[in-house]
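In: predicted structure and sequence below. I'll ask about it afterward.
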Amino acid sequence: MRLAFILSEIGGGLRRNLSMVVSVILVTFVSLTFVGAAGLLQLQIQQMKGFWYDKVQVAVFLCVSNSTAPSCASGPVTKEQRANIEAMLKSPAVSQYVANYQYESQADALKHFKEQFANSPIVDSVSADQLPESFRINLVNPEKYPIINETFSSTPGVDTVVDQRQLLEKLFTFMNGASLVAVGIAGVMIICAILLIATTIRLSAFSRRRETGIMRLVGASKMVIQLPFILEGVIAAVVGAVLASVTLWAVLRFFVGDTLAQQFKDTPFISSSQVLLVSPLLIGLGVVLAGVSSLLTLRRYLKV
């Protein structure tokens, strides 16, 4: 009987404040969507780091005719200098940090350049002698780049030493910034959701003040009186959290999986199934926000 009474009170409250309940659902949906997007973006960043950091190389670019580095004072790299650089890579002092390396000639560099800039108008204006030869080095531990840089940066015949990981760090920094923006927007929307839930519960409590007064007179417990109000806010927040989870799943499934993954086949994107890692957190967050805000509101506006 008590359960049936509570359920009837919840249903009546939801019907009386339908427009406010819909508002709570929408605000919770938007705020938790941003929270979930920030979480998924962090998962994407970690997946990309794990994938690319194992593949990034250190590029040792050799001198060309227009190089300005002090180690290129004698002009373009000579055969002797090139052989000395390769001997250094094979030496025990350096080879312990090197997983493997490949030599890229100027002809190879031009071929790769044309592949990468096939649709650019400058592709036909670049010749092989304008592009540097290089050694592409895969490190056993990418964190040991400073050792390679210190060893080769001043070696005769070497123009520059470039850690490709630094280029990825710029991308990851941008993605982390986007994640923080999403968290900031989510924070503002969560505050709006809390205020809206509190207002909805307060209006619901005010509209049923005679009922709650009678319930107090007949000896109803504090929990029985307050629970329907709390559950109204919790139900609205859970619906918003579920909608946010479904939206995130749809974005990953149809936009990321069917569009981005097909266009950028070399990039490891997270799958739609990983929304399952975030969804319980969103639902839990929605329940906590609604429950706490409802309880605090009832303590102030519903004296039992």
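Out: Structure's in. What do you need? Numbers count the residues shown, from 1 in each chain.
In: got the contact list for the residue nearest the centre of the chain?
Out: The chain has residue 41 as the residue nearest its centroid, 1.4 Å off, counting by C-alpha atoms, centre = their mean. Contact analysis of residue 41 by C-beta atoms under 8 Å, 6 or more residues apart in numbering lists 175, 178, 179, 182. Heads up, the C-betas are built off the backbone N, CA and C, glycines and all.
In: what comes up buried for the helix or strand in which it is found?
Out: Using DSSP states H and E, residue 41 maps to helix 18-52. For helix 18-52, burial by neighbour count (16 or more other C-beta atoms under 10 Å) applies to 20-21, 23-42, 44-45, 47-48, 52.
In: over to stretch 129-144?
Out: So stretch 129-144, judged by 16+ other C-beta under 10 Å, has buried residues 131, 132, 133, 134, 135, 137, 139, 142.
In: and those residues, which of them are in strands?
Out: Among the buried residues of stretch 129-144, the members falling in strands are 134, 135, 137, 139 (criterion: DSSP state E).
In: and which of these is nearest residue 199?
Out: residue 139 (57.9 Å; C-beta to C-beta).
In: by how many degrees do the helix ranked longest in the chain and strand 134-139 diverge?
Out: Ranked by number of residues, the top helix in the chain under DSSP state H is helix 164-207. Between helix 164-207 and strand 134-139, the angle comes out at 50 degrees (axes from the mean of the first three to the mean of the last three C-alpha atoms, to 10 degrees).
In: what mean pLDDT does helix 164-207 have?
Out: The average pLDDT for helix 164-207 rounds to 73.
In: so how far is residue 177 from the residue nearest to the centre of the chain?
Out: For residue 41, the distance to residue 177 (C-beta to C-beta, to the nearest Å) stands at 10 Å.
In: residue 251 too?
Out: From residue 251 to residue 177 the distance is 20 Å (C-beta to C-beta).
In: neighbour count winner among the two?
Out: Neighbours were counted for residue 251 and for residue 177 using other C-beta atoms under 10 Å; residue 251 has more, 17 against 10.
In: please parse this protein into its domains.
Out: Under the assignment automatic domain parsing, the domains of the chain span 2-52+169-301, 58-164.
In: give me whichever of the ones you listed is most buried.
Out: domain 2-52+169-301 (a mean of 17; mean count of other C-beta atoms under 10 Å).
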